[in-house]
Each structure stands twice: as C-alpha cells, then as structure tokens.
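A.B. asks: give me a 3D structure for the following:
(2 chains)
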Protein chains: 2
Amino acid sequence: MTDPSYEIQPIGHVESPLVDRSSAPMQGYEGSPEAWLVFDGRVRDGIRDLAADTDVIVLTWLDRASRDVLTTRPRDDPRNPERGVFSTRSPDRPNPVGLHRVRIVAVDGLRIRVRNLEALDGTPIVDVKPVLDRWADS
Amino acid sequence: MTDPSYEIQPIGHVESPLVDRSSAPMQGYEGSPEAWLVFDGRVRDGIRDLAADTDVIVLTWLDRASRDVLTTRPRDDPRNPERGVFSTRSPDRPNPVGLHRVRIVAVDGLRIRVRNLEALDGTPIVDVKPVLDRWADS
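C.D. replies: Numbering: from 1, shown residues only, chains lettered A, B, ... in the order given. This next block holds a predicted model:
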C-alpha cells in the first residue's frame, strides 16, 4: 500500500431497533423497522432542506464489518456460489460503506426518521444525497 | 468531535481524460468520456465477477473537494437558491464520497473500462457494488 488513505468523519449516527446482524434484514426494503438518523449539530445547515415524504440516499460506515473479505456467498447462503465481493452487497468488504435508499417520514431538528434502513443501531452516517431522477425506481 | 473517524484505503483509481473540475460534466450521463477503473492487485479476487455490458455503482473519494461546505447553489449556478449540501450532489461536502452509476464496456485484467463516469483522472476508488433490481432505472 503506497496510496494515501482518507479519513471519514461521521456526520451523525443511526438509532435503530436493529442491534445485531443476525436479526437485520439483508436489504432495507425487506422489512426494516423505522429508524432515526441523528445528525451532529455541526452539520445543521447541511440537512436543512431534508423534508418528509421524500426519498434520499444515505451512506453509512458499516463499522461491524470485516474488511479483509474479497469473496463471499451472496445472502450468506452456502448454496450460492462464491462471488467477488464487488459483485455483492455484502457488508464485509475492504471499505464497508453502506448504501441505503430510504424514505424520510419525519424531521425533528437534528433527528430525521426514516423507513427502509437496514443499518444497525449506532452505525455512523457518512453522507446523505438526493435521489436523481435518472435513478428513480417508482 | 468526540466520534471516532474511519480510514478509507482506496482499492484503485480512475484513469480519465477529465483532468479538472471546470471541464467535467455535472453528472455522468451528461456526456462523460469513457474512463478506466484501475484496481490494485490485492483486490483481484473481489473484481473477478465484474463483466462487460452490466451497470454497477462505483463509489469514489472526491479528493479535490472542499470538506467544509454545508450549503451550496446547485450546479454552481448563482441563480439557484442556496441549499443544504445533503440535498445536492455537489462534490464539496464533509465526506466527499462520489456515487456513480456506470456501464462496464470492457474488462482487461485489473483494468475495467466504463461509460458515464464523471470522476476526474486520478480519483481514488472506494468500492464497487451491483445495481439492485429495485434501483433499476431502465
């Protein structure tokens, strides 16, 4: 490794009833409970235009993932053939950034309530981005 | 900041004719030239199932971005009202992770040629993920 590395400074964290991987759904739309995005006060201006009843993309740092995994069996199912990890959504990967499309259901100051987030309680938030029209799926 | 920070170790970098922000399109589908994803040998097993004629999501670290920006005018247009940065796709944001949906056009060992990538030459690659059906836009 001669490349430089880069430092992620979380902008907040997830509050969720999901506390361990064994009970978490594989994807957010597979029955995740509602959760809160809890933002740091220092990014207050950055979140000011996030509004209820819209979809956004949340990036997280999957801090309980293994970073030395390069191949895996999708959905942890031993019947599935092993795949290169960059062809899967496994949380275990060299840079475990989670990518979640969620629906905002309520905004309360620095706390934003969302649906369809499969991240575990305490997961650091990296970024929030709007959905582009080109990505729309509904 | 009492939170821990996390370290991104790039898995490769972009080779592109785009060398500065002024000449880069705002979004990948707005006329980006073809580019190469050049992966480190140590993630060879992770990319082994990436194949031509498929779309993937590439995450990058926008290493020329400003990280202290919380509000911006979308598309750098002064006629647009200022918006919280998490409601924009501006590269200037606290954790400048780029999110790009690209089409793989060719695979040559550790080099993967893609269409619709607006990242600048030399941009570090963070992750590659498959597109989920739910995200399909075509």
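A.B. asks: briefly note if the lengthiest strand in chain A comes near chain B.
C.D. replies: If you go by DSSP state E, chain A has its longest strand at strand A:97-108. Yes: if you take C-beta under 8 Å from any C-beta of the partner chain as the test, strand A:97-108 does meet chain B, through A:V97, A:L99, A:R101. Heads up, the C-betas are built off the backbone N, CA and C, glycines and all.
A.B. asks: out of those residues, which one has the weakest pLDDT?
C.D. replies: Ranked by pLDDT, the residues of strand A:97-108 next to chain B bottom out at A:R101, which scores 94.
A.B. asks: about what we covered before: format the residues of strand A:97-108 next to chain B as TSV; extra columns: neighbour count and distance to A:A35.
C.D. replies: Shown next, in TSV, are these (neighbours: other C-beta atoms under 10 Å in any protein chain shown; distance: C-beta to C-beta, whole Å):
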residue	neighbour count	distance to A:A35
A:V97	24	18
A:L99	21	16
A:R101	20	14
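A.B. asks: out of the residues you listed, which comes closest to B:R93?
C.D. replies: Proximity of the residues of strand A:97-108 next to chain B to B:R93 was ranked by C-beta to C-beta; the top entry is A:V97 with 14.2 Å.
A.B. asks: which positions within the longest strand of chain A qualify as buried?
C.D. replies: A:V97, A:G98, A:L99, A:H100, A:R101, A:V102, A:R103, A:I104 (16 or more other C-beta atoms under 10 Å in any protein chain shown).
A.B. asks: now it and strand B:97-108, what's the angle there?
C.D. replies: With axes from the mean of the first three to the mean of the last three C-alpha atoms, to 10 degrees defining the directions, strand A:97-108 sits at 150 degrees from strand B:97-108.
A.B. asks: measure how far strand A:97-108 is from the centre of its chain, please.
C.D. replies: Distance, stretch centre to chain centre, for strand A:97-108: 8 Å (C-alpha atoms, centre = their mean, to the nearest Å).
A.B. asks: check stretch A:8-15 too.
C.D. replies: Centre to centre, stretch against its chain (C-alpha atoms, centre = their mean), the figure for stretch A:8-15 is 10 Å.
A.B. asks: please apply the same query to stretch A:68-76.
C.D. replies: 18 Å.
A.B. asks: now swap in stretch A:90-102 and tell me
C.D. replies: 6 Å.
A.B. asks: same check on stretch A:70-85?
C.D. replies: 20 Å.
A.B. asks: how long is that stretch end to end?
C.D. replies: 5 Å (C-alpha to C-alpha, to the nearest Å).
A.B. asks: that stretch near chain B anywhere?
C.D. replies: Yes: between stretch A:70-85 and chain B, judged by C-beta under 8 Å from any C-beta, the touching residues are A:L70, A:T71, A:R83, A:G84, A:V85.
A.B. asks: pull out the buried residues from that stretch.
C.D. replies: A:L70, A:T71, A:T72, A:P74, A:R83, A:G84, A:V85.
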